[in-house]
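Colleague: The following comprises the amino acid sequence and a computationally predicted model.
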Amino acid sequence: MTLFGMGVFKGMVVTLKNFLTSYFRKPDEGGIFTVQYPEEREREIENFRNFPFLVYDGTQEKIRCVACGICERECPPKCIHIEMEIDAAGKPTRKPAVFDIDYGLCMNCGMCEEVCPFDSIFMDHAFEVTAPERVEGLVRHKEELAKSNEYFQKVRPTLASVIDQKRKAAEEKKKAAAQPPATPQEPK
Amino acid sequence: MEPSMDLKNTNGASLLEINFGPQHPSTHGVFRMTIQLEGEKICGLKPVFGYLHRNHEQIAENLPYAAIMPYTDRLDYVNALANNFGYALTIEKLAGLEVPERAEYIRVIMAELARIVNHITVIGFMLNDLGAFFTPLLYAFRERERILDLFEEITGSRLMNNYFRFGGVKRDLTNANLAAIQKIVSKFPAFLKEFEALLTKNEILCMRCQNIGILPADVATNAGITGPVLRASGVNYDIRKVDGYSIYNRFDFKIPLGEKGDVYDRFYIRVLEIRESLKILDQALSKIPQGEILNKKTLPFIKMPRNFKPPVGEAYGRVESPKGELGFYVVSDGTPQPWRYHVRAPSLINLTVLEEMCLGQKIADAIIILGSIDIVLGETDR
């Protein structure tokens, strides 16, 4: 039989030990691990996903999105709205005229990123999204959503370089197919 | 004692009826109890839930199968991976899909990590309810944070993982990830030892918890209680052993059992379960093979979820979630959307014995009894 109160005493020793060693140990090994948030930040984890954004190459006009509407259809909470651009002749231009995402509704599941066949929509790292108004502030339009490929390279380098290589290879293949054969056979 | 909802008592003294919650921090969410008191003694308790009802089942019946996966994260938001596991298992049963070897190992590793996260969170919050304000909770959260960082690296999100796919998982584990998991697993016993030195023999904790909220084994089995709450009453029932789903029958682990079924047993059984989880993790990490992480048959459905149409039929899949038996019942009519989708949530069913455990106890003990059941309102109300 142990002395009554020994359990409490031993517990107190544990807290005291933790209190004292927290000054000497590294944050990873039981030291002070609090991050003073606005001044200090944790390291960014590459696979972290938050709200989606659109990628463009070079200028905003060369947006990768072709307004196919697959992400709009597959989005579980239905937070994407797309309208295709129609030129003067009345033909669809395969460019989005309207591309809205309601950040207030989006649940960061990453489904749009997974289904997009044109490598156009990806999940961002920006998490400090606030707005005073629900509709005006949180529904993001095409202009705000479109971000350059350089930005994509910066936030998710591994995925971006894989995508870039894939697109480059596809383009070269397309170019090779479009060129006429080197020695066309003469009709006899 | 028969609970009487009219405020009359045979002794002539009237009962005091108090409302506990739904905005009370000790109720772990928006949960309300109507408690009838005779002095400090509880002589009637009525749980009221439904404040967090989100129409989960109806929403799911209007979505393609793959799009339900992120919604299952929101059921039991403390360990989303167990929900993912249950749902993926059900759809694989429904569509007759096989899971590659490596994916099975990854699933078990992730699910056991989620179990550890859940159990240390529960222990921490239960001690908060006891009045041990935040010291044990923050020790637990310090360890939890490491696992959550790992989840973020692997799945993309700390809590809403959305990681499992039908016939596999979303992303492969790199060698760096596996090394990080190994590091956590090897460091965890030291933390548990410290945690136990702080708590298990503590006289105050023993006096508050022992012989409080006793749940007899026969009551527990009759009410359909599952998980640690049932095992604390001494009933050997763990779906990992009973069903041996996924690859659990390949691992060597024990099912810890309680003796009395009081709050202390329910607390201590969770500590023991973490140790068993660590054993499973150790074995899984040493045996994990190389290979595919997704069934080739489901690969096209990742890009086109709407084309996934399981054959007409029904399936019930269940997993041992850290809270109990988590079951999904799905009926397919051959369309891309389920005809019926039902969730058997362990939190809801474990809550049904709350009154039996609380009758005759003091009002202050109702909070720790509720804390020891381990409910999550996202799952209870759906």
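Modeller: Structure's in. What do you need? Computed from a prediction, not measured in an experiment: that's the story for all the values here. Numbers count the residues shown, from 1 in each chain, chains lettered A, B, ... in the order given.

Colleague: Just want to check the distance between residue B:304 and residue A:75.
Modeller: Separation of residue B:304 from residue A:75 (Cβ to Cβ, to the nearest Å): 14 Å. Where C-beta positions appear, they are placed from N, C-alpha and C, glycine not excepted.

Colleague: so what's residue 77 up against?
Modeller: Assuming you mean chain A. The contact partners of residue A:77, taken as Cβ atoms under 8 Å, 6 or more residues apart in numbering or on different chains, are A:105, A:106, A:107.

Colleague: let's do chain B instead
Modeller: So residue B:77 contacts B:159, B:160, B:376, B:378 (Cβ under 8 Å, 6+ apart).

Colleague: Assign the first one to helix, strand or coil.
Modeller: Reducing the assignment at residue B:159 to three states with DSSP: H, G, I helix; E, B strand; the rest coil gives coil.

Colleague: What pLDDT is listed against residue B:284?
Modeller: On the pLDDT scale, residue B:284 is placed at 90.

Colleague: Ok, the one 5 residues further on next?
Modeller: The confidence metric pLDDT takes the value 89 at residue B:289.

Colleague: Identify the residues contacting residue B:325.
Modeller: B:226, B:227, B:239, B:318, B:319, B:344, B:346.

Colleague: from what I can see residue A:145 touches residue A:99, true?
Modeller: Yes. The criterion here is Cβ atoms under 8 Å, and residue A:145 meets it with residue A:99 at 6.3 Å.

Colleague: any shared contact partners between these two?
Modeller: Shared contacts of residue A:145 and residue A:99 (Cβ under 8 Å, 6+ apart): residue A:54.

Colleague: Where do the strands of the chain begin and end?
Modeller: Unless you meant another one, I'm taking chain A. For chain A, the strands defined by DSSP state E cover A:52-56, A:80-86, A:92-102, A:121-123, A:139-140, A:146-148.

Colleague: please go with chain B instead
Modeller: Using DSSP E, strands in chain B cover B:16-20, B:32-38, B:41-48, B:164-165, B:168-169, B:313-321, B:324-332, B:338-344.

Colleague: Would you reformat those as a markdown table and include mean pLDDT?
Modeller: Formatted as a markdown table, the strands of chain B follow (pLDDT from 0 to 100):
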| stretch | mean pLDDT |
| --- | --- |
| strand B:16-20 | 85 |
| strand B:32-38 | 87 |
| strand B:41-48 | 87 |
| strand B:164-165 | 89 |
| strand B:168-169 | 88 |
| strand B:313-321 | 90 |
| strand B:324-332 | 91 |
| strand B:338-344 | 91 |
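
Colleague: deepest of those, which one?
Modeller: Highest mean neighbour count among those (mean count of other Cβ atoms under 10 Å in any protein chain shown): strand B:164-165, with a mean of 27.

Colleague: chain center to stretch A:45-56: distance?
Modeller: Centroid separation for stretch A:45-56 versus its chain: 1 Å, with Cα atoms, centre = their mean, to the nearest Å.

Colleague: how about that stretch: buried residues?
Modeller: Residues of stretch A:45-56 classed as buried: A:45, A:47, A:48, A:49, A:50, A:51, A:52, A:53, A:54, A:55, A:56 (neighbour count, 16 or more other Cβ atoms under 10 Å in any protein chain shown).

Colleague: Now for the residue nearest the centre of chain A: which residues touch it?
Modeller: When chain A is reduced to its mean C-alpha position, the closest residue under Cα atoms, centre = their mean turns out to be residue A:123, at 1.6 Å. If you count contacts by Cβ under 8 Å, 6+ apart, residue A:123 has them with A:49, A:50, A:51, A:52, A:53, A:108, A:110, A:113, B:156.

Colleague: now swap in residue B:246 and tell me
Modeller: B:85, B:89, B:99, B:104, B:107, B:108.

Colleague: go again using 10 Å as the cut-off
Modeller: B:85, B:88-89, B:92, B:99, B:103-105, B:107-108, B:111, B:240, B:319 (Cβ atoms under 10 Å, 6 or more residues apart in numbering or on different chains).

Colleague: what's the closest of the residues you listed to residue B:247?
Modeller: residue B:104 (4.7 Å; Cβ to Cβ).

Colleague: give me the number of residues near that closest one?
Modeller: Residues lying near residue B:104 (other Cβ atoms under 10 Å in any protein chain shown) number 21.

Colleague: That one contacts residue B:251, correct?
Modeller: No. Shown here, residue B:104 and residue B:251 do not form a contact pair, counting by Cβ atoms under 10 Å, at 11.4 Å.

Colleague: For the two, list the residues in contact with both.
Modeller: Joint contacts of residue B:104 and residue B:251 (Cβ under 10 Å, 6+ apart) are residue B:284.

Colleague: burial count for the closest residue to chain A within the stretch 1-150 of chain B?
Modeller: Closest contact between the stretch 1-150 of chain B and chain A, by Cβ to the nearest Cβ, is at residue B:70 (3.5 Å). Applying other Cβ under 10 Å, we find 22 residues neighbouring residue B:70.

Colleague: what residues are up against it?
Modeller: Contacts of residue B:70 by Cβ under 10 Å, 6+ apart are A:76-77, A:107-111, B:63, B:80, B:84, B:157, B:160-162.

Colleague: let's go with 6 Å and repeat that
Modeller: A:76, A:109, B:162 (Cβ atoms under 6 Å, 6 or more residues apart in numbering or on different chains).

Colleague: Tell me which residues are up against stretch B:230-237.
Modeller: Under Cβ under 6 Å, 6+ apart, the answer for stretch B:230-237 is B:215, B:217, B:220, B:255, B:257, B:258, B:259, B:261, B:265, B:266, B:269.

Colleague: Would you mark the buried spots in it?
Modeller: Here stretch B:230-237 shows B:230, B:231, B:232, B:233, B:234, B:235, B:237 as buried, counting by 16+ other Cβ under 10 Å.

Colleague: Thank you kindly, that will do.
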